[in-house]
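Peer 1: Just a sequence and a predicted model for now, questions to come.
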Amino acid sequence: MSITVQYSSKTHIPVEVESITPCRCRELSLTEILKLPIFHGNEETEFGNLFDVVGHPGDEHWNWEGDLSGVHWLGTSMSSGSIVIEGDAGRHLGSQMSGGKIKVTGNVSDWLGGELTGGHIEVHGNAGHLVGSAYRGSPVGMTGGWIMVHGSAGNEIGHSMRRGLIAIGGDSGDLVGFNMRAGTIFVFGDSGIRHGAGMKRGTIGLFGKTGDLLPTFRMGCQYLPPMMKPIFDRLITHGFEVPKHLSGSEFNLYHGDLLEGGRGEILRPSGLMNDLP
């Protein structure tokens, strides 16, 4: 039997639950879990004061219920197990996660999968800013795993990411792949401006309308990257909607950021107009 966690509080003060993950709680009893420390604003309290918990922790499958939009750091540093969140969640969901799976049926706030090293996060709604990004002052962001957002996301997706895949089904804001080291980011909807600024390596796929690319990118060629089909196929197996016109079509390849060596890639559907100013 899996664990069911019901958020029973009506507080408008942020709640932080960094210590509560399936892998950390699998050897604990329900009584011990209810006594684990969490933060209600700047005050420490016990988990059981704000949440009701039933089930068996040993199988590492947790279902969270209630309005969790003000509950932050869910799944932080998780290494195994699974979490299903019925509804919305707050900031830092899956931050520094190294394994396991998190599924959210609603929306999430900023820093989704911040500095993720492994595992799989799937959000069926929208996400905030800085998906898969480095924390301020940290040299590297996401270094592994997959993040899939079926809806839209904000600015600085994949800031300083080094490995892994981020897929955004809807629109995005500005600065996709800012300071990117490596990895792959796909945005299937429309996006803002200044994508790939400072990127050293990696691949950014911008499949909808976008602003002009930076002048530090140059058109390389038009071709069908061999990695596109396996990535698209895997996204489809997870219920991700990949537009049919992208399957098997060629893409314009732009090299940049030339200020950082020019080994990064931005892919644009070949049917769209040249994005360079």
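Peer 2: Arrived safely.

Peer 1: now G106, nearest residue through space, not along the chain?
Peer 2: Among residues not flanking G106 along the chain, D88 sits closest, at 4.0 Å (C-beta to C-beta, 6 or more residues apart in numbering). Any C-beta I mention is one placed from the backbone N, CA and C, and that applies to glycine too.

Peer 1: can you check P22 too?
Peer 2: Take P22 and drop its neighbours on the chain: the residue closest to it by C-beta to C-beta, 6+ apart is G81, 3.0 Å away.

Peer 1: neighbours of that neighbour, just the number please.
Peer 2: Each residue near G81 was counted by other C-beta atoms under 10 Å, and the total is 24.

Peer 1: Kindly report the same for G198.
Peer 2: Based on other C-beta under 10 Å, the number of other residues close to G198 is 20.

Peer 1: State whether it and F178 are indeed in contact, as I suppose.
Peer 2: Yes: the pair G198 and F178 qualifies as a contact (C-beta atoms under 8 Å) at a distance of 6.1 Å.

Peer 1: quick one, phi/psi of the residue lying farthest from the centre of the chain?
Peer 2: Summary for the chain: using C-alpha atoms, centre = their mean, the residue whose C-alpha lies farthest from the chain's mean C-alpha position is T31, with a distance of 32.6 Å. In terms of degrees, to the nearest 10, the main-chain angles of T31 are phi -60, psi -40.

Peer 1: got a list of what it touches?
Peer 2: T31 sits next to no residue when contact means C-beta atoms under 8 Å, 6 or more residues apart in numbering.

Peer 1: picking up where we left off before, so the residue nearest to P22 makes contact with I3?
Peer 2: No: in terms of C-beta under 8 Å, G81 does not count as a neighbour of I3; the distance is 9.6 Å.

Peer 1: about what we covered before: give me every residue that touches the residue nearest to P22.
Peer 2: Each residue near G81 by C-beta under 8 Å, 6+ apart is listed here: 21-23, 26, 60-62, 100-101.

Peer 1: Can you pull the phi and psi angles for it?
Peer 2: With angles defined as degrees, to the nearest 10, G81 shows backbone torsions of phi 90, psi -170.

Peer 1: neighbours around the residue nearest to E250 when sequence neighbours are not counted, how many?
Peer 2: The shortest distance from E250 to any residue other than its chain neighbours is 4.6 Å, reached at S270 (C-beta to C-beta, 6+ apart). Other residues near S270 come to 13 when the count uses other C-beta under 10 Å.

Peer 1: start the count at 26, not 1, going forward
Peer 2: Will do, 26 is the new start, and the previous item becomes S295.

Peer 1: Surely S295 is in contact with Q247?
Peer 2: Yes: counting by C-beta under 8 Å, S295 touches Q247, with 5.2 Å between them.

Peer 1: got any residues that touch both of the two?
Peer 2: In contact with both S295 and Q247: 275-277, using C-beta under 8 Å, 6+ apart.

Peer 1: Between those, which sits nearest H175?
Peer 2: F276 (22.3 Å; C-beta to C-beta).

Peer 1: Skipping its backbone neighbours, what lies nearest that closest one in space?
Peer 2: Residue nearest to F276 in three dimensions, not counting chain neighbours: L292, with 4.3 Å by C-beta to C-beta, 6+ apart.
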